[in-house]
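A.B. asks: Could you work out the structure for the sequence below:
(chains A and B)
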Amino acid sequence: EAQVTQNPRYLITVTGKKLTVTCSQNMNHEYMSWYRQDPGLGLRQIYYSMNVEVTDKGDVPEGYKVSRKEKRNFPLILESPSPNQTSLYFCASSLYRRGLEETQYFGPGTRLLVL
Amino acid sequence: QKEVEQNSGPLSVPEGAIASLNCTYSDRGSQSFFWYRQYSGKSPELIMSIYSNGDKEDGRFTAQLNKASQYVSLLIRDSQPSDSATYLCAVNVEQFYFGTGTSLTVIP
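C.D. replies: Alright, predicted model coming up:
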């Protein structure tokens, strides 16, 4: 089954404790991205990657890191989480960034609470 | 300035009616437009994509694009209670920009 998976689905942590949210897709997609969704603010892009070893900042990259060492995986790293990073996070992938087949497919989401 | 604007709603329509959702965007270079549906607590799922001016129909859904007016809309015919969700408009301009979504409730 073609899908984007994220782990964990729910996470409660404390300020300053490093965490990683994993994202994996099995569709051989080149383009992957991370979003956060907050009430009243909609989906905002954190980082995106057009291919292995290529990453770029989105609208709200502060406090986040990503890496793309393999095509299928795109982990999101919070080195020192803060309460303002409490949010619902989505990973998404698509075959290409522009042009045909750019439709994004979303993972199930990770709900993060930083105390 | 927001890239994509939508009325947040809520929009309520009776079952069987036509629901009309609207979206405007600011970047004239936008080439690709998408409508996603999102149920509460779930991930967005694609309903329609549209790239050219005019209408595109898929079952009960019709997307309309007017690039001159920088306007994209989604019509849902014969609305069903299962259509009750938040509808997100998205535009791809170098990166993807999403609107804040319009909440739709279909009343049985």
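A.B. asks: Distance check, the residue nearest the centre of chain A against chain B.
C.D. replies: Residue closest to the mean C-alpha point of chain A, counted by CA atoms, centre = their mean, is A:Trp34 at 2.7 Å. From A:Trp34 across to chain B, the span is 11 Å (CB to the nearest CB, to the nearest Å). For every residue, glycine as well, the C-beta is placed using N, CA and C.
A.B. asks: which SSE is that residue in?
C.D. replies: In the assignment (DSSP states H and E), A:Trp34 maps to strand A:31-38.
A.B. asks: Could you list the paired strands of that strand along with their orientation?
C.D. replies: In the sheet, strand A:31-38 lines up against strand A:42-51 (antiparallel), strand A:87-94 (antiparallel) (DSSP bridges).
A.B. asks: what does the first one rub up against?
C.D. replies: Which is strand A:42-51. Identification of contacts with strand A:42-51 by CB atoms under 8 Å, 6 or more residues apart in numbering or on different chains yields A:30-38, A:55-61, A:64, A:66, A:68, A:71, A:74, A:76, A:89-90, A:97, B:44, B:88, B:90, B:95-101.
A.B. asks: Among those residues, the buried ones, what's the PyMOL command?
C.D. replies: To isolate the buried ones among the contacts of strand A:42-51 in PyMOL, judged by 16 or more other CB atoms under 10 Å in any protein chain shown, type:
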select buried, (chain A and resi 30+31+32+33+34+35+36+37+55+58+60+61+64+66+68+74+76+89+90+97) or (chain B and resi 44+88+90+95+96+97+98+99+100+101)
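A.B. asks: ok, A:Glu79 - contacts?
C.D. replies: Neighbours of A:Glu79 in contact, by CB under 8 Å, 6+ apart: A:18, A:63, A:65.
A.B. asks: 6 Å - rerun?
C.D. replies: A:Glu79 makes contacts with A:Lys18, as judged by CB atoms under 6 Å, 6 or more residues apart in numbering or on different chains.
A.B. asks: Give me the distance between it and A:Thr20.
C.D. replies: 10 Å (CB to CB, to the nearest Å).
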